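**Q** no sequence for this one, just the structure:
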């Protein structure tokens, strides 16, 4: 399966770096199967750091990874996903550790729903209802060095 990583540089050898903020699925190397999402993210990175939008394309050996790694998959933005992302974004997650986490992405629009919930301005039920009417993109976070061994760099492609 092809996966994409959007940035302002080509990433031939993915690394797991500690981010300067808490992300949906915690520390990891983030990819998506949606090239438009990767393009959008690369433009965001370029706006922050400069450079040109670049998509790194990888082959992900999903079949072999599912046989040998601890993988958590969220198929929808349900209550389990919501609680998981909230805990990860707050830096309070203490549950099972995974090599790869796959599921919907809480983009900037969706993140406002989380902020409202975390601030007590909306209930979990209302937050989940708001999320269900939005088109949520997917992401796969490669959270361990072992998991990166299932990603094979194919090429980089520029877009404007």
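**A** Alright, I've got the coordinates. Everything quoted here is computed from the prediction, not taken from an experiment.

**Q** what helix or strand does residue 87 sit in?
**A** Using DSSP states H and E, residue 87 falls within helix 79-90.

**Q** Just to confirm, what confidence does the model report for the residue nearest to the spatial centre of the chain?
**A** The centre of the chain sits closest to residue 139, judged by CA atoms, centre = their mean, with a distance of 3.8 Å. With respect to pLDDT, residue 139 scores 92.

**Q** who's in contact with the closest residue to it other than its chain neighbours?
**A** Closest residue to residue 139 apart from its sequence neighbours, by CB to CB, 6 or more residues apart in numbering: residue 105 at 4.3 Å. Any C-beta I mention is one placed from the backbone N, CA and C, and that applies to glycine too. Contacts of residue 105 were listed using CB atoms under 8 Å, 6 or more residues apart in numbering, and they are 24, 32, 37, 136, 137, 138, 139.

**Q** any idea which helix or strand comes after the helix holding residue 87?
**A** Criterion used, DSSP H and E; the element after helix 79-90 is strand 100-104.

**Q** The helix or strand following that next one: how far from the chain's middle?
**A** Per DSSP H and E, strand 100-104 leads on to helix 108-118 as the next helix or strand towards the C-terminus. Taking CA atoms, centre = their mean, to the nearest Å, one finds the center of helix 108-118 at 16 Å from the center of the full chain.
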